[in-house]
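Undergrad: Okay, predicted coordinates and the sequence, questions at the end:
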Amino acid sequence: MYTTNKAVLSWIDEMAAMTKPDKIVWIDGSEEQLEELRQEAYKTGELIKLNEKELPGCVYHRSAINDVARVEGRTFICCEKKEDAGPTNNWMDPAEMYLKLRGIYDGAMKGRTMYVIPYSMSIIGSPFAKYGIELTDSIYVVVSMAIMTRMGKQVFDALGDSPDFIKGLHSKAQLDEENRYIVQFPQDNTIWSVNSGYGGNVLLGKKCFALRIASVLGRREGWMAEHMLILGVQDPEGNVTYITGAFPSACGKTNLAMIIPPQVYRDKGWKCWTVGDDIAWIRPGPDGRLWACNPENGFFGVAPGTNMKSNPNAMLCTKKNSIFTNVVLKPDLTVWWEGMDKNPPEGALNWKGEPWDPADGSKGAHPNSRFTSPAVNCPCLSSEYNNPNGVPISAMLFGGRRAKTAPLVYQSRDWNHGVFMGATVASETTAAATGAVGVVRRDPMSMRPFIGYHVADYWQHWIDMGKSVANLPKIFHVNWFRTDDEGHFLWPGFGDNMRVVEWIIKRCRGEVDAVETPIGFMPKPEDISLEGIEDEVSEDTLKNLLSVDVEVWKKEAADIEAFFEQVGEGKLPKELAENLEILKKNLGE
Ligand code: GTP
Ligand code: SPV
Ligand code: MN
């Protein structure tokens with residue numbers, strides 16, 4: 001026990017009385033204790049130690065075959081009134097949900113150990129910091145939280161006697177899909193997760209706390225919790241401009257957060273720095289700007305497609321002290337995934353643990369297989385990463401996977417139009433959540449699965465932030481995923497996204513003008529540099545990428561209107577309705 005905090009102790013007593021673990025172990029954050037736990041997990045097979053020479057400090061983990069992604073259909077926001085959860089969340093009366101879950105948790109930790117994990121989201125003691133405790137029966141969760149958060153007994157010192165902490169309870173229970181629940185109780189600062197062992201469902205500091213619960217806190221306290229990367233872009237003169245980007249799950253945040261500019265840019269002196277790759281907590285600063293910090297302390301990144309060409313920085317992050325989940329396990333105890341290189345290994349085990357023959361056409365790694373790596377491993381980690389005040393934001397990007405419709409980049413006319421652009425983001429679904437992949441759905445601010453309250457109230461909070469902040473970031477929409485009629489990507493993406501980022505930064509500084517179109521400001525084609533990729537992207541392709549098809553956009557506007565009717569429930573902010581009218585008028589409707 002590392003605390004005399006009565007609220008902490010009585011809550012742990014109550015949770016232990018319900019889940020009935022054989023023993024309770026307090027996690028202090030020391031490497032010795034973590035190593036003991038890893039050794040224990042090697043014995044049970046929960047973790048497999050990887051090749052110490054090739055991958056020092058790394059472990060392999062498999063989640064159950066039916067448990068490899070977030071389960072949006074089984075994720076609930078249990079606030080007092082159903083109407084406050086809104087149409088994009090599952091809801092159940094909190095008393096009813098507690099009763100139901102108590103039944104499932106009853107004795108769920110019998111024969112197991114309950115680990116008490118004290119952790120901080122953001123730098124301990126900083127203006128951003130919020131503390132949490134996760135109780136879990138999974139060693140995988142303990143070692144993951146040690147990477148993903150600032151974890152250990154120093155959190156109790158910071159918390160002192162305060163009852164102000166997020167109470168997280170996780171049990172793998174039987175990993176029973178039918179009784180799997182990921183439940184947020186915002187009025188109680190409580191998260192209960194049961195019958196899963198997959199990252200986003202069980203690392204409670206991440207989506208459950210830092211987005212679902214934190215979005216509720218942010219609305220109440222005047223700040224924002226967003227599903228955003230944070231990137232520092234350094235120009236040849238040495239000025240660093242910070243941008244954030246909200247793209248839906250598995251749509252490119254980690255990749256943009258770790259971008260390496262193309263050679264022609266590096267030669268001129270451009271450099272990019274990672275502050276965060278998934279979540280941003282954003283607060284108004286004393287200078288009237290918005291300041292962002294990354295509340296996490298590691299990366300939980302999509303493995304497939306990550307390679308030394310697409311994202312060398314992410315590859316280098318995974319070389320030590322990392323966890324690999326649901327990837328291919330090679331006979332030499334190293335790992336592989338689709339898109340790492342062109343040499344699928346012989347004699348390896350697939351993500352299910354079965355002998356895998358690459359020739360049989362099946363995937364070796366699960367499409368949502370992941371690496372978990374400490375932020376300190378990142379070769380391009382920003383010098384401001386540990387700045388307790390965060391970094392000042394000049395631009396915010398929204399985007400998604402759109403084969404058609406959305407151009408490469410466009411800029412909003414003003415903040416409210418930018419909020420409209422974010423509110424109406426549409427993207428093809430990915431393997432990051434269970435369910436069909438490749439279906440276009442509206443994913444407001446890429447937060448659809450993570451807003452802890454009514455989506456229209458969340459939009460209103462964005463509008464209100466715009467009124468209270470003097471010096472707002474500029475807002476842009478990007479789409480790296482436009483395809484030709486054969487389904488090939490038109491834009492090379494990855495490092496070459498720097499070409500779009502440069503235009504965005506110049507817009508923020510008033511250094512380049514733009515063309516006004518029905519949907520917003522767009523670059524003149526000659527203002528997007530193709531230097532060095534003239535062979536890959538012709539001027540015609542670029543024009544195509546920057547084209548707005550009025551007929552397609554009329555359909556888009558009608559679809560947005562239907563979406564607003566469906567989710568607005570009589571409280572759609574008038575600024576969004578106005579922007580829809582402007583769009584329709586601009587399209588000649
Ligand atoms: P979460 O961790 O689920 O929130 O995902 P994320 O938004 O961080 O996505 P990530 O950067 O891991 O990218 C997901 C997938 O998109 C990977 O397979 C990438 O290879 C692919 N991807 C990322 N950026 C680009 C790009 O610019 N162009 C193309 N074509 N694919 C990209
Ligand atoms: C996402 O799905 O957006 C992720 C992975 O970042 S998870 O932690 O599972 O949510
Ligand atoms: Mn994410």
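TA: Now that the structure is in, tell me what you want to look at. Ligands and ions are numbered 1, 2, ... in the order given.

Undergrad: for residue 287, helix, strand, or coil?
TA: With DSSP: H, G, I helix; E, B strand; the rest coil as the basis, residue 287 sits in coil.

Undergrad: burial count for the residue nearest to residue 345 when sequence neighbours are not counted?
TA: Distance criterion CB to CB, 6 or more residues apart in numbering; nearest residue to residue 345, sequence neighbours excluded, is residue 330 at 4.7 Å. Placement of C-beta: from N, CA and C, glycine included. Neighbours of residue 330 under the rule other CB atoms under 10 Å: 19.

Undergrad: Correct me if wrong: residue 330 contacts residue 350.
TA: No. Judged on CB atoms under 8 Å, residue 330 makes no contact with residue 350 at a distance of 11.1 Å.

Undergrad: thinking again about what came up before, now do the contacts for the residue nearest to residue 345.
TA: 336, 345, 347, 348 (CB atoms under 8 Å, 6 or more residues apart in numbering).

Undergrad: how about the residue of the stretch 101-250 of the chain found nearest ligand 3, secondary structure?
TA: Residue of the stretch 101-250 of the chain nearest ligand 3, by CB to the ion: residue 249 (4.7 Å). Of the three states, residue 249 takes coil under three-state DSSP.

Undergrad: quick one, what contacts it?
TA: Residue 249 neighbours (CB under 8 Å, 6+ apart): 70, 430, 432, 433, 446, 449.

Undergrad: now, which of the residues you listed lie close to ligand 2?
TA: By CB under 6 Å from any ligand atom, the members of the contacts of residue 249 lying near ligand 2 are 70, 432.

Undergrad: which among the contacts of residue 249 gets closest to ligand 2?
TA: Closest approach between the contacts of residue 249 and ligand 2, by CB to the nearest ligand atom: residue 432, at 3.6 Å.

Undergrad: quick one: that closest one and residue 302 touch, right?
TA: Yes. At 7.4 Å, residue 432 counts as touching residue 302 under the criterion of CB under 8 Å.

Undergrad: quick one: the closest residue to ligand 2 within the chain from ligand 1, how far?
TA: Closest to ligand 2 within the chain is residue 200: 2.0 Å, counting by CB to the nearest ligand atom. The gap separating residue 200 from ligand 1 is 8 Å, by CB to the nearest ligand atom, to the nearest Å.

Undergrad: Please apply the same query to residue 78.
TA: Distance from residue 78 to ligand 1, by CB to the nearest ligand atom: 24 Å.

Undergrad: Equivalent analysis for residue 324, please.
TA: Distance from residue 324 to ligand 1, by CB to the nearest ligand atom: 15 Å.

Undergrad: Tell me the bridge partners for the residue nearest to that residue when sequence neighbours are not counted.
TA: Leaving aside its sequence neighbours, residue 324 sits nearest to residue 335 (CB to CB, 6+ apart; 4.8 Å). Beta-bridge partners for residue 335, by DSSP bridges, are residue 329.

Undergrad: what about residue 335, how many neighbours?
TA: Counted with other CB under 10 Å, residue 335 comes out at 25.

Undergrad: Hmm, residue 254 is touching residue 274, no?
TA: No. If you go by CB under 8 Å, residue 254 and residue 274 don't touch, sitting 9.1 Å apart.

Undergrad: Between those two, which has more neighbouring residues?
TA: residue 274 (26 against 23).

Undergrad: correct me, but the more buried one touches residue 378?
TA: Yes. Judged on CB under 8 Å, residue 274 makes contact with residue 378 at a distance of 5.4 Å.

Undergrad: Find residues that contact each of those two.
TA: Contacts common to residue 274 and residue 378, judged by CB under 8 Å, 6+ apart, are 258, 313.

Undergrad: Right, and ligand 1 sits closest to which residue of the stretch 301-450 of the chain?
TA: residue 305 (3.0 Å).

Undergrad: How about the contacts made by that residue?
TA: Residue 305 neighbours (CB under 8 Å, 6+ apart): 338, 339.

Undergrad: What pLDDT does the model give it?
TA: Listed pLDDT for residue 305 reads 96.

Undergrad: Ok, the one 3 residues further on next?
TA: Note for residue 308: predicted pLDDT of 96.

Undergrad: swap in the one 5 residues further on?
TA: Per-residue confidence (pLDDT) for residue 313: 98.

Undergrad: Can you tell me the SS state at it?
TA: helix.

Undergrad: quick one, what contacts it?
TA: 258, 260, 274, 378, 379, 380.

Undergrad: Highest neighbour count among those residues?
TA: residue 258 (29 neighbours).

Undergrad: can the one helix or strand residue 544 maps to be found next to ligand 1?
TA: For residue 544, the element it lies in under DSSP states H and E is helix 539-545. No. Counting by CB under 6 Å from any ligand atom, ligand 1 has no neighbours in helix 539-545; the shortest distance is 12.4 Å.

Undergrad: Leaving out chain neighbours, which residue sits closest to residue 146?
TA: residue 34 (5.7 Å).

Undergrad: scratch that, residue 244 is what I was asking about
TA: residue 228 (4.2 Å).

Undergrad: just residue 321 next, same as before
TA: residue 57 (3.9 Å).

Undergrad: Surely residue 392 and residue 289 touch.
TA: Yes. Here residue 392 reaches residue 289: they are 4.6 Å apart, a contact under CB under 8 Å.

Undergrad: Mutual contacts of these two, please.
TA: By CB under 8 Å, 6+ apart, no residue touches both residue 392 and residue 289.

Undergrad: ok, which stretches of the stretch 451-589 of the chain are strands?
TA: For the stretch 451-589 of the chain, the strands defined by DSSP state E, counting those that start in this stretch occupy 474-478, 515-517, 520-522.

Undergrad: out of the ones you listed, deepest packed?
TA: strand 474-478 (a mean of 23; mean count of other CB atoms under 10 Å).

Undergrad: Which strands or helices does that one pack on?
TA: Counting contacts by 3 or more CB pairs under 8 Å, 6 or more residues apart in numbering; DSSP states H and E, strand 474-478 is packed against strand 391-399, strand 409-411, helix 415-423, helix 498-508.

Undergrad: Can you lay out those as CSV showing mean neighbour count?
TA: Formatted as CSV, the helices and strands packed on strand 474-478 follow (neighbours: other CB atoms under 10 Å):
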stretch, mean neighbour count
strand 391-399, 25
strand 409-411, 24
helix 415-423, 24
helix 498-508, 22
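
Undergrad: The ones you listed: which one's closest to ligand 3?
TA: strand 391-399 (13.4 Å).

Undergrad: Report the mean per-residue pLDDT for that closest one.
TA: Strand 391-399 comes out at a mean pLDDT of 98.
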